[in-house]
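have a look at this prediction, sequence included:
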Amino acid sequence: MILNSKIALQVLILELADTVIAMDSFGASAPASLLFEKFGFSVASIMEKIK
């Protein structure tokens with residue numbers, strides 16, 4: 001029951017969100033700072049998406 005509640009909450013959040021910043025892949029390996037930049041998780045990139 002708890003798992004279903006968590007999934008329902010995640011779906012609700014996604015339905016209400018104007019912008020979702022997430023990854024759709026996995027398996028990359030490198031220092032976090034390099035991965036953040038490669039996948040668009042820099043401050044500048046996120047600020048641009050939420051404007």
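In hand now; what should we look at? Numbers count the residues shown, from 1 in each chain.

check the gap between Ser33 and Lys51 for me.
Distance of Ser33 to Lys51, computed by C-beta to C-beta, to the nearest Å: 24 Å. To be clear about C-beta, it is placed using only N, CA and C from the backbone, and glycine gets the same treatment.

so between these two, which is more surrounded?
Ser33 (10 against 6; other C-beta atoms under 10 Å).

so for the helix or strand encompassing Met47, what's the average pLDDT?
Using DSSP states H and E, Met47 sits within helix 43-50. For helix 43-50, mean pLDDT is 85.

that helix packs against which elements?
Of the remaining helices and strands, none touches helix 43-50 by 3 or more C-beta pairs under 8 Å, 6 or more residues apart in numbering; DSSP states H and E.

contacts for the lengthiest helix in the chain next, please.
Counting residues, the longest helix in the chain under DSSP state H turns out to be helix 2-16. Helix 2-16 is touched from outside by Val20, with contacts defined as C-beta atoms under 8 Å, 6 or more residues apart in numbering.

secondary structure class for the residue sitting nearest the centre point of the chain?
Nearest to the mean C-alpha position of the chain, counting by C-alpha atoms, centre = their mean, stands Ala22 at 2.1 Å. Secondary structure assignment for Ala22 (DSSP: H, G, I helix; E, B strand; the rest coil): coil.

then Phe41?
Going by three-state DSSP: Phe41 is coil.

let me know the average pLDDT across stretch 8-27.
pLDDT averaged over stretch 8-27 gives 80.
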